[in-house]
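S.K.: sequence isn't available, so here's the structure alone:
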């Protein structure tokens, strides 16, 4: 196997490529490619995609598993291409050497040659692009997301941009593997943008950035010596520990805030179960003498990420559908309060005997039979002006039952006119109500007596 040239160690491309010792067993073996793909980091892709998938089901009632599988495969291929680009360009620039632990180290070990890595990168992007044509289906916003994510994955450590060497790796991972994956998956499945998905994606974005950030802590000294200025290198060890300490409590607060906003159900509180894991990681960072040993604690960060991601998805699936009727979190419903109008003021009315005497004085002397159809005077009738006008709600007089016997006549009523037949539902103790009813209908005493 050819040795790495001095030009490669100084940051220049290698003049000759190391060849695999056994092309059959190593280059074409699945173990070498499995190691190069770094499968333990694929969990970073699973959580945001499944979150977008369940958001499409919960918010829009959309179930498209076939399209989701295509999205899943395309994102896995892009992440695989990103990992291979990281191995290739860090090797070519002399960042990943025998003194550090970065990358999969398949090139340094001679398991896979740089030429084979380049071919694998090409086919990963090609297949992902073909799947993107089927997934995007002409959406401009999705094409913009796909283009930004593809370029970001390639230029992570690739010259001339190589933003991963300038302290921007965590920022681009926050955007790509948090926001774009979650929101883009939801848009691809539903065809519409929902701002609530951004709120769901925020804690996931911070967690994915936290995975990359912790992976840079063990190499803080070797990266600084190789000229790779990661965020941890820029901040220094004391501030790097402080950021690691504050990052995951921020994730807990964002998740509980989703519960307060009616975007997650009660499983959101389960994120606090990861507190002992976080305490263990901080304890190891403060006690370690050799920061390279922190690489053995990376699985704890990925475990926290997986558990919190599962709690968020579980909380979304348990959310009541009644709380999802609007694109913004609905407020807690309160009982409906109906304000009743104030009761009308009671108008004092004279006694019945006085009204009857006034009616007898105004009664016409002609005893001719009055036509019932002409008995109700119009608004222009002179008799209507003599009656008191009451601005009360209209009261419909109950119909009288012809089969009911008439009440007995008292000596006082025989001197005047026959008593008015009462309804079966009327009570003799309510003369004022009867009088108001008669006045509203415009019927005189003489008309009832006829």
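M.R.: Looks like it arrived, so ask away. On a predicted model such as this, the values are computed, not experimentally measured, just so you know. Numbers count the residues shown, from 1 in each chain.
S.K.: could you list the low-pLDDT ranges of the stretch 151-300 of the chain?
M.R.: Filtered on pLDDT under 70, the stretch 151-300 of the chain yields no residues whatsoever.
S.K.: quick one: the helices in it?
M.R.: 169-173, 181-190, 195-216, 220-226, 231-235, 237-260, 275-287, 298-317 (DSSP state H, counting those that start in this stretch).
S.K.: show me what counts as buried in the third one.
M.R.: So the one you mean is helix 195-216. 196-197, 199-216 (16 or more other C-beta atoms under 10 Å). (C-beta placed from N, C-alpha, C; glycine too.)
S.K.: before we move on, the earlier item: identify, out of the helices of the stretch 151-300 of the chain, the most deeply packed stretch.
M.R.: A comparison of the helices of the stretch 151-300 of the chain by mean neighbour count, using mean count of other C-beta atoms under 10 Å, puts helix 181-190 on top with a mean of 25.
S.K.: who's in contact with the closest residue to residue 249 other than its chain neighbours?
M.R.: Excluding the flanking residues, the one nearest residue 249 by C-beta to C-beta, 6 or more residues apart in numbering is residue 278, at 7.7 Å. Counting by C-beta atoms under 8 Å, 6 or more residues apart in numbering, residue 278 touches 248-249, 304.
S.K.: let me have these in JSON lines, extended by distance to residue 188.
M.R.: As requested, those are exported to JSON lines (distance: C-beta to C-beta, whole Å):
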{"residue": "248", "distance to residue 188": "30"}
{"residue": "249", "distance to residue 188": "33"}
{"residue": "304", "distance to residue 188": "28"}
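S.K.: the domain parsing of the chain - what is it?
M.R.: With domains defined by automatic domain parsing, the chain comprises 6-324, 352-449.
S.K.: you'd agree residue 63 is up against residue 57?
M.R.: Yes: under the criterion of C-beta atoms under 8 Å, residue 63 makes contact with residue 57 at 6.0 Å.
S.K.: who has more neighbours, those two?
M.R.: Higher neighbour count among residue 63 and residue 57: residue 57, with 16 against 10, using other C-beta atoms under 10 Å.
S.K.: contact partners for the more buried one?
M.R.: Counting by C-beta under 8 Å, 6+ apart, residue 57 makes contact with residue 63.
S.K.: before we move on, which element is it in?
M.R.: helix 43-60 (DSSP states H and E).
S.K.: now that helix: buried residues?
M.R.: By neighbour count on 16+ other C-beta under 10 Å, the buried set for helix 43-60 is 44-59.
S.K.: C-terminal to that helix, what's the next element?
M.R.: Once the chain leaves helix 43-60, the next helix or strand it forms, by DSSP H and E, is helix 65-92.
S.K.: which strands or helices does that following helix pack on?
M.R.: Here helix 65-92 touches helix 30-37, helix 43-60, helix 114-136, helix 140-154, helix 181-190, going by 3 or more C-beta pairs under 8 Å, 6 or more residues apart in numbering; DSSP states H and E.
S.K.: which ones are touching the closest residue to residue 165 other than its chain neighbours?
M.R.: Of all residues not flanking residue 165 in the chain, residue 228 sits nearest, at 4.8 Å (C-beta to C-beta, 6+ apart). Counting by C-beta under 8 Å, 6+ apart, residue 228 touches 95, 164-165.
S.K.: any chance of these in TSV, with neighbour count too?
M.R.: What follows is the contacts of residue 228, written out as TSV (neighbours: other C-beta atoms under 10 Å):
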residue	neighbour count
95	25
164	26
165	22
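S.K.: got these as CSV, with distance to residue 129 columns?
M.R.: Shown next, in CSV, are these (distance: C-beta to C-beta, whole Å):
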residue, distance to residue 129
95, 28
164, 23
165, 26
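S.K.: which one of the residues you listed sits closest to residue 187?
M.R.: Among the contacts of residue 228, residue 164 lies closest to residue 187 (C-beta to C-beta), at 27.1 Å.
S.K.: roughly how far apart are that closest one and residue 104?
M.R.: Noted for residue 164: a distance of 16 Å to residue 104, by C-beta to C-beta, to the nearest Å.
S.K.: ok, now residue 161?
M.R.: Distance of residue 161 to residue 104, given as C-beta to C-beta: 22 Å.
S.K.: looking at the two, which is more packed in?
M.R.: Neighbour tally, residue 161 and residue 104, criterion other C-beta under 10 Å: the higher count belongs to residue 104, 21 against 15.
S.K.: what about the residue lying closest to that one once chain neighbours are set aside, how many neighbours?
M.R.: Nearest residue to residue 104, sequence neighbours excluded (C-beta to C-beta, 6+ apart): residue 36, at 4.7 Å. Using other C-beta under 10 Å, residue 36 has 22 other residues around it.
S.K.: make 6 the starting number, not 1.
M.R.: Will do, 6 is the new start, and the previous item becomes residue 41.
S.K.: show me what contacts residue 41?
M.R.: The contact partners of residue 41, taken as C-beta under 8 Å, 6+ apart, are 88-89, 92, 109, 111, 116-117, 122.
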